[in-house]
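Asks: I need the structure of the sequence given here:
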Amino acid sequence: MTLLEDEALSFVRELIRIDSVNTGDAATIGDGETRAARFVQARLAEVGIDTTFVEPVPGRGSVVARLSGSDPDAPALIVHAHLDVVPVSGQDWVHPPFGAEIEDGLLYGRGAVDMKNFAGVILAVARHFARSGIRPRRDLIFAFLADEESGGVWGASWLVDNRPELFTGASEAISEVGGFSVPLDSDRRAYLIATAEKGVGSVRLTARGEAGHASRPRPSDAVPRLAGAVARIGEHRFPVVRTPALTKFLSEFGHARGVVFSDANLDAELEEIGFVGRVIAAAARNTAAVTVLRAGDKSNIIPGRAEAIIDYRALPQGEASLLAELELLAGDGVEVEQFRSMDPIDSPIDSALIEVIRAAIADEDAGGVVVPYLLPASTDNKHFARLGVHGYGFVPLRVPDDFDVYGQFHAVDECVPVDALYFSARATARILQTA
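Replies: Below is the predicted model of the structure:
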């Protein structure tokens, strides 16, 4: 084991042991993010790396550091990881969520995959470069961020709005969600790279009627009118859209499996390639999910108002058509109001950075193939996009073929193979040195 690998594992474990749960409620969030950021800052200072610590509100700390590259004309690369984690309350863990226990080659703990693993790895890589005198080709901006799990308001978004100078000259960013291996064929693995992310937003449906006694119901009452709209939206399947990332993924997997994927039967065909197929199915079309329902509070009173909240995920250039379709599905007498929106992002699938990543993976895994895909969720890359930065999701992890990395996000007994962390440290160092 090298010092780089040893420190990567050690730092991931130490970060997991810092309870930095982000509940999304200021009244219940402690100082965990700040303690994690101070830990990172201290480890960087030990090897002479200058840092900028920011804490917009108490407890919501982030750290940014820049390592100078050898090519002054090359644009900088942002390498970022968030230090907060989702809650564990209501979950029945076998392994203590903040214990960082290792059993049967697996490291358990909240953040083992999402995403203190990468925070620990890039901290170790930064120290490795400083300690060994390695100078990357381009400036590397390491950002360890608060608040990603609640939209980045006090983390990446705040930094972009208030401290954009920390990211001067950056053209690309690399972070979650991608880089984990999935079986491609009998002896090769695909390492997914997120080159695009769906947009995310919320829509409020409101139906109104005449409040009255429950002994006199009418079809025009608010609740049945809203229920019809909700049922139509819940049953609706948006059409498949062949985005560049989806087209590339289907081409690579189809060639390896001897399959030509069709739009008409895409969901069933993707099921045949295992758990990764469900991720790709969600990324193949716009989606809208009914998540909240509100109406009356007494059984013998017909409420005059009923409301539903829809969470939607829009493909690049797909939000306008998605919203128009929701209007049609809602039908007459149901108001549709968009009240939250974060734009999709879409980065080039032929960038030089991807070629560097391909070379690094080939050096570590001769059977590894880097394949673009569209992430059906959101990361802090969306905030950096406001600075004109192209974001990519790639945290390299070689895992057993039956290990579903995506399924570990926010899961009970979240875990990562220790060997995968060693692989991650080696591959990430190769990528960042030559990127």
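Asks: Mind checking what secondary structure the nearest residue to R237 once chain neighbours are set aside has?
Replies: Spatial nearest neighbour of R237, chain neighbours left out: R285 (7.3 Å); criterion: Cβ to Cβ, 6 or more residues apart in numbering. Where you see a C-beta, it was placed from the backbone N, CA and C, and this is true even at glycine. Counting by DSSP: H, G, I helix; E, B strand; the rest coil, the backbone at R285 sits in coil.
Asks: ok, L166 touching A156?
Replies: No - assessed by Cβ atoms under 8 Å, L166 is found out of contact with A156, at 10.9 Å.
Asks: Who has more neighbours out of these two?
Replies: Remark: of L166 and A156, A156 carries more neighbours, 29 against 18, as counted by other Cβ atoms under 10 Å.
Asks: rewinding a little: need the overlap of contacts for L166 and A156.
Replies: Taking Cβ atoms under 8 Å, 6 or more residues apart in numbering as the criterion, L166 and A156 both touch A143.
Asks: Can you mark which positions in the one helix or strand L421 maps to are buried?
Replies: Using DSSP states H and E, L421 falls within helix 418-434. Neighbour counts using 16 or more other Cβ atoms under 10 Å place 418, 420-433 of helix 418-434 among the buried residues.
Asks: Show me how far that helix is from its chain's centre.
Replies: Chain-centre distance of helix 418-434: 19 Å, with Cα atoms, centre = their mean, to the nearest Å.
Asks: Could you list every helix and strand in contact with it?
Replies: Under the contact criterion of 3 or more Cβ pairs under 8 Å, 6 or more residues apart in numbering; DSSP states H and E, helix 418-434 touches helix 3-16, strand 106-108, helix 116-132, helix 352-364.
Asks: now it against helix 116-132, angle please.
Replies: Between helix 418-434 and helix 116-132, the angle comes out at 50 degrees (axes from the mean of the first three to the mean of the last three Cα atoms, to 10 degrees).
Asks: Dump helix 418-434 to PDB, keeping only the CA atoms.
Replies: Provided in PDB are the C-alpha atoms of helix 418-434 (Å, rounded to 0.1, in the frame of the first residue of the first chain):
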ATOM      1  CA  VAL A 418     -11.800  -0.500   0.500                       C
ATOM      2  CA  ASP A 419     -10.000  -1.700  -2.600                       C
ATOM      3  CA  ALA A 420     -12.200   0.700  -4.600                       C
ATOM      4  CA  LEU A 421     -10.900   3.600  -2.600                       C
ATOM      5  CA  TYR A 422      -7.300   2.600  -3.300                       C
ATOM      6  CA  PHE A 423      -8.200   2.400  -7.000                       C
ATOM      7  CA  SER A 424      -9.900   5.800  -6.700                       C
ATOM      8  CA  ALA A 425      -6.800   7.400  -5.200                       C
ATOM      9  CA  ARG A 426      -4.500   6.100  -7.900                       C
ATOM     10  CA  ALA A 427      -6.800   6.900 -10.900                       C
ATOM     11  CA  THR A 428      -7.700  10.300  -9.500                       C
ATOM     12  CA  ALA A 429      -4.000  11.200  -9.100                       C
ATOM     13  CA  ARG A 430      -3.400  10.100 -12.800                       C
ATOM     14  CA  ILE A 431      -6.300  12.200 -14.000                       C
ATOM     15  CA  LEU A 432      -5.500  15.400 -12.100                       C
ATOM     16  CA  GLN A 433      -1.800  15.300 -12.900                       C
ATOM     17  CA  THR A 434      -2.300  15.300 -16.700                       C
END
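Asks: okay, the angle between that helix and helix 3-16?
Replies: 110 degrees.
Asks: Quick one: mean pLDDT over helix 418-434.
Replies: Across helix 418-434, pLDDT averages out at 98.
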